[in-house]
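In: Structure here, sequence nowhere to be found:
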C-alpha cells in the first residue's frame with residue numbers, strides 16, 4: 001500500500017513538473033486590436049468576407065467547420081448565388097432513394113460545411129498522425145483566443161540554434177513546445193481578394209481569425225446590442241426609483257413633523273417664547 005501511495009505521489013509530481021515545463025514553453029501571443037472587442041465591438045464585415053475566402057481556399061483543405069451551414073455565410077453579406085455555387089463544389093451523402101440506396105449529391109445551402117476528410121482516422125492518416133481540429137469554435141477553445149490563433153498563423157520561423165526539431169515538425173514561436181505538425185498554412189499573396197485588398201501574411205491571418213471569431217459567436221453583435229439596451233433600461237429604472245424614493249420619504253418626514261409628537265413639542269416651545277402682548 002505504501003508503494004502504491006509513493007508511486008502515485010511520484011506520478012503526480014512528474015505530471016505537475018511536465019505541466020509546468022509546458023507552461024514555461026508557452027510564449028504569450030502579442031495582443032491585437034480586433035473590431036469585435038469591447039462593449040460596442042462589431043464584426044468588420046469586409047474582414048469576415050475576406051476571412052471566409054481564406055478559409056475555403058486554404059484552411060478547408062485540412063480543417064472542418066462542422067457547426068456552420070452554407071446558408072450562414074449569407075448572413076455575413078456574401079451573395080446567395082455565390083454561396084450556392086460554393087456549396088455545389090462539394091458532395092454530401094443523401095438518401096435513401098426510392099430503391100433504398102444512399103447516393104451522393106451536390107451540397108446545398110441547408111447543408112453543413114463539408115469536412116475535408118470522411119472521418120478522424122482518414123484525417124490522421126493524411127496528416128502524419130495529427131488530427132486537424134474543427135475550427136467552428138477554435139477562438140473560444142484556445143487560451144488566448146483570437147490573439148493566440150493569429151500568433152500561431154504568423155509565428156512560423158526557423159528553429160533557433162541548438163533547438164532539436166523532430167522530423168516532419170515545424171517551429172512555431174507561440175505553439176506550446178514550439179513544435180507543430182502543421183506547416184505554415186499562409187504566406188503573402190496566397191489568395192487574391194475580390195475587393196483588391198493586399199493579401200499579406202498579416203492581413204490574411206487577421207481576416208481568417210475574424211471569420212473564425214464570427215463562426216464561434218455569430219450572435220455577438222445581437223447579444224451586445226441587447227446588453228446595451230438592458231443597461232440603459234436599468235440606469236433609467238434606477239433613476240426613476242431614486243426620485244420615487246425621495247418623494248415618498250419627503251412625504252413621510254413631512255407627515256411626521258406636522259402630525260406626530262413633534263408638533264406638541266413645537267407648540268410648547270412656541271408658547272414658552274410668546275412675546276408680551
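Out: Thanks, I have it. Remember, predicted model here, so these are calculated numbers, not experimental data. Numbers count the residues shown, from 1 in each chain.
In: Now stretch 222-231: average pLDDT?
Out: Regarding stretch 222-231, the rounded mean pLDDT is 90.
In: And it, how far out from the chain middle?
Out: 18 Å (Cα atoms, centre = their mean, to the nearest Å).
In: What residues does residue 221 make contact with?
Out: 36, 42-43 (Cβ atoms under 8 Å, 6 or more residues apart in numbering). Every residue, glycine included, has its C-beta placed from N, CA and C.
In: Repeat the analysis, applying 6 Å as the threshold.
Out: Contact partners of residue 221, counting by Cβ atoms under 6 Å, 6 or more residues apart in numbering, are residue 42.
In: now do residue 67
Out: residue 136 are the contacts of residue 67 under Cβ under 6 Å, 6+ apart.
In: Quick check: it is in a strand.
Out: No: counting by DSSP: H, G, I helix; E, B strand; the rest coil, residue 67 is not found in a strand; it is coil.
In: what's the spacing between it and residue 48?
Out: Going from residue 67 to residue 48 by Cβ to Cβ, to the nearest Å gives 16 Å.
In: distance of residue 52 from residue 159?
Out: Residue 52 sits 33 Å away from residue 159, taking Cβ to Cβ as the criterion.
In: of those two, who's got more company?
Out: Shown here are residue 52 and residue 159; by other Cβ atoms under 10 Å, residue 52 has more neighbours (26 against 14).
In: The more buried one: helix or strand, and which one exactly?
Out: Secondary structure assigned from DSSP states H and E places residue 52 in helix 45-57.
In: Identify all contacting residues around that helix.
Out: Against helix 45-57 from outside (Cβ under 6 Å, 6+ apart): 76-77, 191, 193, 204, 207-208, 210-211, 214.
In: show me the contacts for residue 77.
Out: residue 45.
In: And it, how close does it get to residue 172?
Out: 33 Å.
In: which element is residue 140 on?
Out: helix 138-141.
In: list the buried ones in that helix?
Out: 138-139 (16 or more other Cβ atoms under 10 Å).
In: what is the rounded mean pLDDT of the next helix or strand after that helix?
Out: Sequence order places helix 145-154 as the next helix or strand after helix 138-141, per DSSP H and E. Looking at helix 145-154 alone, the average pLDDT works out to 97.
In: So which residues make contact with helix 145-154?
Out: 29, 31-32, 34, 139, 142, 174, 186, 205, 209, 213.
In: Please pick the buried ones from the residues you listed.
Out: 29, 32, 34, 139, 174, 186, 205, 209, 213.
In: got JSON lines for those residues, with distance to residue 126 too?
Out: Output for the buried ones among the contacts of helix 145-154, formatted as JSON lines (distance: Cβ to Cβ, whole Å):
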{"residue": "29", "distance to residue 126": "28"}
{"residue": "32", "distance to residue 126": "31"}
{"residue": "34", "distance to residue 126": "32"}
{"residue": "139", "distance to residue 126": "25"}
{"residue": "174", "distance to residue 126": "25"}
{"residue": "186", "distance to residue 126": "19"}
{"residue": "205", "distance to residue 126": "24"}
{"residue": "209", "distance to residue 126": "24"}
{"residue": "213", "distance to residue 126": "27"}
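In: Okay, and which of those residues map to helices?
Out: In this view, these that belong to helices under DSSP state H are 139, 205, 209, 213.
In: Can you tell me which of these is closest to residue 239?
Out: Nearest to residue 239 among those: residue 213, at 35.8 Å, using Cβ to Cβ.
In: Am I right that the closest one is in contact with residue 139?
Out: Yes: counting by Cβ atoms under 6 Å, residue 139 is a contact partner of residue 213 at 4.8 Å.
In: how much space is there between residue 189 and residue 200?
Out: 8 Å.
In: quick one: the helices in the stretch 101-250 of the chain?
Out: Taking DSSP state H, counting those that start in this stretch to define them, one finds helices in the stretch 101-250 of the chain at 120-126, 138-141, 145-154, 201-216, 220-259.
In: Can you give me the buried ones in the first one?
Out: Under the neighbour-count criterion of 16+ other Cβ under 10 Å, helix 120-126 has residue 123 buried.
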